[in-house]
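1. After the sequence you'll find the predicted model.
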Amino acid sequence: MPEEGFEPVRRLPVPLLVSLLARVEVPAAFWRKYRIGELDLDDVLLLNRAFAADYAGTPDRPPRFQPIEVTDATVERAAELAGTHGLRAYDAVQLACALVTREADRRCATLASFDQDLVRAATAEGFAVLTPEETAESQEPASPERR
């Protein structure tokens, strides 16, 4: 039961940089969808196994993610970003990790997110963003105006 627009994200070069807290945030989101009836138990278990394999790797393939450590300075920055952009805690930490990473390597300039509040905040912070809407559009045939 992947989210709409996940295919282009799966095609991004690896490793994908994520906050260390993604290891908690992603399974928590799956379980939340289970509690509200958007996913059944089999889907949640499958998604959690797939995410764990992506996060840690398997004997057959390396991890898809490279976790970014959350330092005291990153948490302080996240606290500021939460206020500045009205973000939830984990989204603020993800954005703070992205900013710290971009400061270390300017090539890290794109953020992929399915959360509109995080997309707005990342855009305001100067990131290019990859969203489900953009990925869905990239899969549609181009109209004459878009060619």
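-> Received the coordinates, thanks.
2. Could I get the contacting residues of residue 105?
-> By C-beta atoms under 8 Å, 6 or more residues apart in numbering, the contact list for residue 105 is empty. Heads up, the C-betas are built off the backbone N, CA and C, glycines and all.
3. Quick check: end-to-end length of stretch 51-61?
-> With C-alpha to C-alpha, to the nearest Å applied, stretch 51-61 spans 13 Å between its terminal residues.
4. who does the helix or strand where residue 32 lies touch, helix- and strand-wise?
-> Assigned by DSSP states H and E, residue 32 belongs to helix 22-35. Under the contact criterion of 3 or more C-beta pairs under 8 Å, 6 or more residues apart in numbering; DSSP states H and E, helix 22-35 touches helix 41-56, strand 65-68, helix 89-104.
5. so which of these gets nearest residue 75?
-> helix 89-104 (7.2 Å; C-beta to C-beta).
6. Give the next helix or strand downstream of that closest one.
-> Using DSSP H and E, the next helix or strand after helix 89-104 towards the C-terminus is strand 110-112.
7. partners of that following strand, with directions?
-> Here strand 110-112 has these sheet partners by DSSP bridges: strand 128-130 (parallel).
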